[in-house]
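K.L.:
Take this sequence and fold it.
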Amino acid sequence: MKIMIIGATGMAGSAITKLALERGHDVIAIGRSEEKLANLPANAHLETRAKDAFSLTLPELQTVDVVVDAMATSPDKAHLHVDLATKLVSQLRERQQPRLVFILGAGSLTTGDDAHLFVHDIESDPANAAFVAIPQNQLAELNFLRTVTNVDWVGISPAANFTPGPATAIQYGHDTLLTDANGDSTTNSGTMAVAVLDEIEQPQHHQERFTVANQ
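P.N.:
Predicted structure coming up:
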C-alpha cells in the first residue's frame, strides 16, 4: 500500500512511519521541518516532503491509498486539528480513496460511573490550563467527523497517557477510556502504530472512532 503520513516526525507519526516501512509499505512522510524529516529511517520506500499539510492538493492525496493525520500542534494552534480534518474531508467528499485515518485524543472518551467525557476531568484541573485547548479541539474534530457519511474515515484515540515507547499487547475499546489491570491508562506510540497499521491492512472500522491502550 501507499500511505501518506501527516505529522510524520512527531511521536505518533514517526512510530507509524517506521512500522509502515518495516511492513513493506510505500510511505510519503509529510512534515514542516526538512531537518526532522531527514532523521526518519533511510528506506527506498520512503519519500519525504517538507510542506504545510494545508497545502496538500487533491491530486497529491489521490496518489495514495491511505492518509494518516497524525499532526500535532501547540495549544495556541489547537484549532488546526479541526481545520485540517475539515480540509481533508472537503477535498475527498464522495471519494472512496484515499481512506482517512485520524489520530485523535483521549478527551473525547467517556469515564466514570456517570460516563462523562474525560476532557471534563482535564478541564477541572487548573494545572492543565496550558494545554487543555488540545483535547477540547480534538473533541470538536471527532464531533465533526461523526457528521461525515460520504468519506471513508476512521479515528483512533489513545488512553489518558500517550507516551513514547515500544508496542505492547493491545486492548481495544470503542468510546470508553481504557485502563490496565493496575488501573493505569497508557498507550505507547508503538502500540498506536501497530493498531494503525493493523487497521490499514485489515479494515475493521469505518466512519467511527475506536480506542487502544497498553494491556
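K.L.:
residue ranges for the strands of this structure, please.
P.N.:
For the chain, the strands defined by DSSP state E occupy 2-6, 26-31, 46-50, 66-69, 95-103, 110-111, 116-117, 151-157, 161-163, 170-173, 186-188, 208-214.
K.L.:
Please point out which parts of stretch 20-31 sit buried.
P.N.:
Judged by neighbour count (16 or more other Cβ atoms under 10 Å), stretch 20-31 contains these buried residues: Ala20, Leu21, His25, Asp26, Val27, Ile28, Ala29, Ile30, Gly31. Using the backbone N, CA and C atoms, a C-beta is placed for each residue, glycine as well.
K.L.:
Next, format these as a markdown table and append pLDDT and distance to Asp125.
P.N.:
A markdown table is the format used below for those (pLDDT from 0 to 100; distance: Cβ to Cβ, whole Å):
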| residue | pLDDT | distance to Asp125 |
| --- | --- | --- |
| Ala20 | 98 | 36 |
| Leu21 | 98 | 39 |
| His25 | 98 | 40 |
| Asp26 | 98 | 43 |
| Val27 | 98 | 38 |
| Ile28 | 98 | 39 |
| Ala29 | 98 | 35 |
| Ile30 | 98 | 34 |
| Gly31 | 97 | 32 |
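K.L.:
For Ser74, state which of those is nearest.
P.N.:
Compare each of the buried residues of stretch 20-31 with Ser74 using Cβ to Cβ and the shortest gap goes to Gly31, at 15.2 Å.
K.L.:
so what's the closest residue to that closest one other than its chain neighbours scoring on pLDDT?
P.N.:
Take Gly31 and drop its neighbours on the chain: the residue closest to it by Cβ to Cβ, 6 or more residues apart in numbering is Thr9, 4.3 Å away. At Thr9 the predicted local confidence, pLDDT, stands at 98.
K.L.:
show me what contacts Thr9?
P.N.:
For Thr9, the contacting residues are Ala29, Gly31, Ser33, Lys36, Leu37, Asn39, Leu40, taking Cβ atoms under 8 Å, 6 or more residues apart in numbering as the criterion.
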